[in-house]
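> Starting from these lines, generate the structure:
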Amino acid sequence: MKPDEYCQERAAASGSSFYYSFLFLPAEKRQAITALYAFCREVDDCVDECSDPVIARQKLDWWRSEIARVFHDQPQHPVGIALHTSLGHFQLNEAYFHAIIDGMLMDITQHHYATFEDLSLYCYRAAGVVGLLAAEIFGYQNAQTLDYARHLGTAFQLTNIIRDVREDAQRARVYLPAENLQQFDLSREDILNARQSVNMWKMLQFQLQRAEGYYEQAFACLPEEDRYTQRSGIIMAAIYRRLLEQIKARPLTVLQQRASLSPLRKFWVAWKTDRNEKRRRQQFVRHNP
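Below is the predicted model:
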């Protein structure tokens, strides 16, 4: 199997919302973003699929070395080889890849967060820098687009945290900040034991509003001239915001199971968003010859 085929298989098998946004990209950008996504899956699996923290840390250390090899023309892993190919077309920051690994390392060493400020560092490492790398691949003219990409990455991670409350609790992880739990007279044990209550409902609604606020903040930073090239991120956001709407209707269900959209619904949202962005681009070009 060729390296790009391996990455494509990893992306398709995940069923992630991100995969559907890649379908509308030209070949070079699709290859690079798929390689980036496959890398994120690999390092995430080092933690989620390994019960021994010592082995998980060793695997992450291997990937840290592999990233160094990628940037020194000596990759070994299929994902590393695919990432090396993308370096021929895009200026990707090596430090961002190490920051992603640092984020995964936090999953080993830290299973709860006292404040949202503490959680923000995790969100930046796990998703914000992914947004910055993606923005570089998609292309931009205005540096303000990088603010959009960073905020959007945080919005995605906050959405994941809400969606995965039950799954994370089963791994003894609680990403919802302790200060917010206390604000609603809740405890970490309430999350771990999936205790439903009015206060739990209110706390989850608070988290949903915070996530939505980051989407709004992100799009407030996105210059009109860069919207079309950044449309894959816009497609991801459309799918994720649709998921937020679904959770908001019945927020307590995240204590019992992981919320999700069907593949057909994801594809429909992706297609509709891409069509809308093409129309918006045409209008922008017409009014800005």
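> going forward, measure contacts between C-alpha atoms and count neighbours the same way
Will do.
> low-scoring pLDDT stretches of the protein, where are they?
Residues of the chain that meet the criterion pLDDT under 70 lie in 14-15.
> Start and end of stretch 187-197, how far apart?
The first residue of stretch 187-197 is 12 Å away from its last residue (C-alpha to C-alpha, to the nearest Å).
> Now do the buried residues in that stretch.
Buried residues in stretch 187-197, defined by neighbour count with 16 or more other C-alpha atoms under 10 Å: 188, 191, 192, 194.
> Check stretch 59-75 too.
Neighbour-count burial for stretch 59-75 flags 59, 60, 63, 64, 66, 67, 68, 69, 70, 71, 75 (criterion: 16+ other C-alpha under 10 Å).
> Pull the most distant pair out of those residues.
Greatest spacing in the buried residues of stretch 59-75, by C-alpha to C-alpha: 59 and 71 (18.8 Å).
> Now intersect the buried residues of stretch 59-75 with the helices, please.
Judged by DSSP state H, helices contain the following of those: 59, 60, 63, 64, 66, 67, 68, 69, 70.
> Go through these and name the one nearest residue 97.
Closest to residue 97, out of all of these and judged by C-alpha to C-alpha, is residue 67, at 7.2 Å.
> can I assume that closest one is in contact with residue 97?
Yes - using C-alpha atoms under 8 Å, residue 67 is in contact with residue 97, at 7.2 Å.
> I'd like to know how many residues surround residue 265.
12 (other C-alpha atoms under 10 Å).
> measure it to residue 250 for me?
Residue 265 is 19 Å from residue 250, by C-alpha to C-alpha.
> hang on, the earlier thing: now distance to residue 157 too, for the buried residues of stretch 59-75, in TSV please.
Formatted as TSV, the buried residues of stretch 59-75 follow (distance: C-alpha to C-alpha, whole Å):
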residue	distance to residue 157
59	23
60	20
63	22
64	22
66	25
67	23
68	26
69	28
70	26
71	27
75	29
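> ok now stretch 90-109, how far from the chain's centre?
Remark: stretch 90-109 is offset 13 Å from the chain centroid, using C-alpha atoms, centre = their mean, to the nearest Å.
> Now residue 57: closest residue in space, sequence neighbours ignored.
residue 105 (7.0 Å; C-alpha to C-alpha, 6 or more residues apart in numbering).
> element containing that neighbour?
helix 94-109 (DSSP states H and E).
> what sits up against that helix?
Residues external to helix 94-109 that are found in contact with it (C-alpha atoms under 8 Å, 6 or more residues apart in numbering): 40, 43-44, 47, 53, 56-57, 60, 63-64, 67-68, 71, 122-123, 125-127, 129-130, 133.
> Only the buried subset of the residues you listed, as a ChimeraX command please.
Only the buried entries of the contacts of helix 94-109 go into this ChimeraX selection, using 16+ other C-alpha under 10 Å:
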select :40,43,44,47,56,57,60,63,64,67,68,71,122,123,125,126,127,129,130,133
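> quick revisit: pick out whichever of the buried residues of stretch 59-75 sits closest to residue 160.
Nearest to residue 160, judged by C-alpha to C-alpha, of the buried residues of stretch 59-75 is residue 60 at 21.5 Å.
> ok now do the closest one, which residues does it touch?
43, 46, 101, 104, 105 are the contacts of residue 60 under C-alpha under 8 Å, 6+ apart.
> Let me have these in TSV, extended by distance to residue 171.
Listed next are these as TSV, based on distance: C-alpha to C-alpha, whole Å:
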residue	distance to residue 171
43	17
46	14
101	19
104	14
105	15
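> Out of the residues you listed, which is nearest to residue 226?
Using C-alpha to C-alpha, those come closest to residue 226 at residue 101, 28.7 Å.
> And that closest one, how far from residue 172?
Residue 101 is 21 Å from residue 172, by C-alpha to C-alpha.
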